[in-house]
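Participant: Just the structure for this:
(2 chains)
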Amino acid sequence: MNVIYTPEVWYFLVMLITFVGLAIIKIPISVSLMFSALAGSIVFGEFFPLRHLVEGGFGYIDTILVIGSAMIFMEAIKVSGLLDTIAGNMTIALHKKPTFLLVLLTFFIMIAGMITGSSTATVLTTGAIAFPVLKNLGLSKRRAGSIIAMSGIYGMIAPPINLPAMIIGQGVDMPYIGFTTPLLLMTFPLAIVTSLIIGARQVKPVDLEEFRKTREREPIKGFAVYLPLILMVILMVLENVSWGFSLGLPLIFMLSAIVATITGAKGNLLRISISAIQNSLGILSILIGVGMFIQIMTLNGVRGLIVGFLNGLPQGALLAGIALGIPAFGAVSSYGSASVLGVPFLLAFLGNNDIVVCSALSLLAGLGDMVPPTALAGIFAAHVVGEKNYFKIWLSSMPAFFITMIFATITIIYSNAVGRFANSWYFYPVFIVGLVIVAVALLLVDKGKEMPVS
Amino acid sequence: MVSLKRHFKFLIFVAIVAVVVVLSAFSFTAMWEDPPIIPGSGVTEIRMLSEWLPSIEGTMLDTEVYVINGSEEGGKFLLLGGTHPNEPGGTLAAVVFIENVSAISGTVYVIPRSNHSAFTHNDAMEGSPQFFSIQLPDGSQRVFRFGSRRTNPISQWPDPTIYLHPTGATLGGGEVSNLNRTFPGREDGYSTEKVAAAIMNLVLEEEIDLVCDLHESSPEYPVNNAIVFHQDSAELAIMTQMMLEMEGVDIRLEESPVNLRGLTHREIGDNSDAQVVLLEVSNPSQGRLRGKTTEDLVTKGIDKFYLQASKDGKLFAPYDESGYPLDLRVARHMATIRVLIDSWNMMFPDRMILLSDIPPYEGLVDGLGTYLNPVS
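Facilitator: Presented below is the predicted three-dimensional model:
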């Protein structure tokens, strides 16, 4: 009961009511966040928090630059014809095996996340490339968007680069070593299961004749059109394997975008950039508002109230607190959630397999990228598939979301057993055999779906 | 008419942005000025870190190295404060050392603002105070900065996605701006790596025998109120702990993990002949469970959420209603340094470091302001 009389509860309510009130009268989310932060500061007694608002507003400047440049890249490869070319060629190559292709595309989408550690970058790059193929397979916009968003999250968590796990590990001085097998175990099976749940019933073999007749653009012939993609992959890999080569993701996306404007159908970089930034301005401004909101939450003690409450839960409730709290806090930022909640929760489970617990916590933090108001993976997936209402994608993703949440929680409970398996000599043989069995099963399913196609 | 209206709106917008930029710039640039350190009579020389790596001269990275030289030959001791400027106990302990301690034999090098650039800003979204002050017995106040764990982006930006450490280890990209992850550094690397390289050069060129890096840690962090030691310094650390326990100061021992790269206790120990320890003391103002983040929390260390966490058994350091004040944190560091030097002298009498006027534990606990010199 004491907690009710803690001033921080009232600060929190004031911030929440201000935010909801402004959102109801259709004030943009970013502006609502800024004013709710201002309200939280004033009730706390800090009447002119200009420095805090500016400082917090810059909290996500790196993420903002990555998103902005990734959007320009995506727009550039759309204009250049690369997206349609890849989609067309993949569809033609695997048109008789839609279920197999669905899972293959899920893995393909994940690749960008595995390299960059960012679900947003994944959705906007490999997600955007995969969408036309998913559409050709018969998936609706919302289901395709849902697969892209969830694949973006799994890619962000899958090895070798998992930034939430690194952030949590850094908080307890745990080196980022030994994470590969637990993260493989936690992402690829989930990616298979959830993509099948979301899309298996809708996909169907592609009628090639019909496809060729109805497609909007002919694939561009020649190797040059692929250059922006090849350049992007090379630069990303180089960045992560060689010291001294550090262009940063924004510059990598911009260079690749420039190459795209000259290697396929010619595009005007300025016009492409303006269009891309106009399309992403809403979410970019939300990130600025979120930064301000967190800064004031930390200043007035509301963050401590939330973290302390969740951390103080008894053991059974603690698991529920973790399962719900980490993705919920990820609504403001998955990286922030990993840092603020992931670290104390990992400490609460000391004595178990720390690497497995940390990996599972990172998976939960990644889910935060599906939770509004920021919902980076979901919102950008909606943008990629051209779905105006993000909530339709959110709803389609809910089964996958909850399966992932439950899976991560169970993994925490059985972290020692999972750790033993992940570290055993037979992990890779079992993992590979498992993938082969799945592939064979999917091909058999596709055989059943086959119909006379030309 | 429409065009005029649009231009007017645009001008209003630009004017608002300009006002915000100018007003906030005053606030941010206020942190660029170094608060004075008033050296005691023991300080014989003030050098700059750039003497050991000229490429950082004139940049925000360069910082003072206070030298306390004894009249007799002896061992050489490097004391690092401010590796993490959001851990004020480490910085203040180094400042108190500079303002009070003299050497009889041996030489002490003190760097109170090791990551100088990180003192010039705060971590975004942490809501930290920019400054905090300590009351002196004469009624005056000494003001210090509460900085960041990381180098100012003005000195180093952007960070890579992944930080490839010189040893081949992979760290999160942000750690390349954390000085205590970039040792032994690279002379031609990122700005923070250059600072680490300069300190490493100092250790090697001056033939430092003993290094002590002063830190603080959040109360929920397992390595708390502890001496972290390189394996070659185990005997020294154990002796220090035993002697401190005899004085009634509880302190834990933690051996430096071999796989955890970039930290002073690992890399300076691996790359030089120096014995290396890192000291941690509990600081509620940097933890994730803390409530309102104020100057009072930094200096008094009283926080109701930490008190509750302590009752729930979630902390790795003792915590009660009296909090964990800065006076106590600095006192613990100073006592540990004193005993560490005593232990060193017992183990290595041929490289004796004899110091005088080290402020006593009880005196510091009663008020660290007593051991800070007034700014004239």
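
Participant: and residue 279, how many neighbours?
Facilitator: Picking chain A for this. As a burial measure, residue A:279 scores 14 neighbours (other Cβ atoms under 10 Å in any protein chain shown). Where you see a C-beta, it was placed from the backbone N, CA and C, and this is true even at glycine.

Participant: Chain B, not that one
Facilitator: Residue B:279 has 25 neighbours, counted by other Cβ under 10 Å.

Participant: is it true that it lies in a strand?
Facilitator: Yes. Applying DSSP: H, G, I helix; E, B strand; the rest coil, one finds residue B:279 inside a strand.

Participant: so what pLDDT did it get?
Facilitator: Note for residue B:279: predicted pLDDT of 98.

Participant: Also the one 5 residues further on?
Facilitator: Looking at residue B:284, its pLDDT stands at 94.

Participant: For the stretch 101-250 of chain A, what lies in contact range of chain B?
Facilitator: Counting by Cβ under 8 Å from any Cβ of the partner chain, the residues of the stretch 101-250 of chain A close to chain B are A:116-117, A:160-161, A:163, A:166-167, A:170-177, A:239-244, A:246, A:248-250.

Participant: isn't residue B:103 right up against residue B:69?
Facilitator: Yes. At 6.3 Å, residue B:103 counts as touching residue B:69 under the criterion of Cβ atoms under 8 Å.

Participant: So the two - more neighbours on which side?
Facilitator: Taking other Cβ under 10 Å, residue B:103 and residue B:69 do not tie; residue B:103 has more neighbours (23 against 17).

Participant: I'd like to know how far that one sits from residue B:42.
Facilitator: Distance, residue B:103 to residue B:42, by Cβ to Cβ, to the nearest Å: 6 Å.

Participant: Now the common contact residues for these two.
Facilitator: Common neighbours of residue B:103 and residue B:42 (criterion: Cβ atoms under 8 Å, 6 or more residues apart in numbering or on different chains): B:68, B:356.

Participant: Could you list which residues are in contact with the closest residue to chain A within the stretch 51-200 of chain B?
Facilitator: Closest to chain A within the stretch 51-200 of chain B is residue B:127: 3.2 Å, counting by Cβ to the nearest Cβ. Shown in contact with residue B:127 (Cβ under 8 Å, 6+ apart): A:52, A:56, A:295, A:296, A:297, A:298, A:299, A:300, B:293.

Participant: again with residue B:353
Facilitator: So residue B:353 contacts B:70, B:74-77, B:103, B:105-106, B:108, B:209-210, B:341, B:344-345 (Cβ under 8 Å, 6+ apart).

Participant: Could you do residue B:166 as well?
Facilitator: Applying Cβ under 8 Å, 6+ apart, the residues near residue B:166 are A:243, B:184, B:185, B:186.

Participant: Tell me which two of these sit farthest apart.
Facilitator: For these, the farthest-apart pair by Cβ to Cβ is A:243 and B:184; their separation is 13.8 Å.

Participant: gap between the residue most central in space within chain A and residue A:367?
Facilitator: Centroid-nearest residue in chain A: residue A:119, 2.8 Å away (criterion: Cα atoms, centre = their mean). Distance from residue A:119 to residue A:367, counting by Cβ to Cβ: 10 Å.

Participant: so what sits against both of those two?
Facilitator: The contact sets of residue A:119 and residue A:367 overlap at A:153, A:334 (Cβ under 8 Å, 6+ apart).

Participant: hmm, back to that, can I get the contacts of residue B:166 in a markdown table with pLDDT, secondary structure and distance to residue B:97?
Facilitator: Shown next, in a markdown table, are these (pLDDT from 0 to 100; DSSP: H, G, I helix; E, B strand; the rest coil; distance: Cβ to Cβ, whole Å):
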| residue | pLDDT | secondary structure | distance to residue B:97 |
| --- | --- | --- | --- |
| A:243 | 75 | coil | 36 |
| B:184 | 97 | coil | 24 |
| B:185 | 97 | coil | 24 |
| B:186 | 97 | coil | 29 |
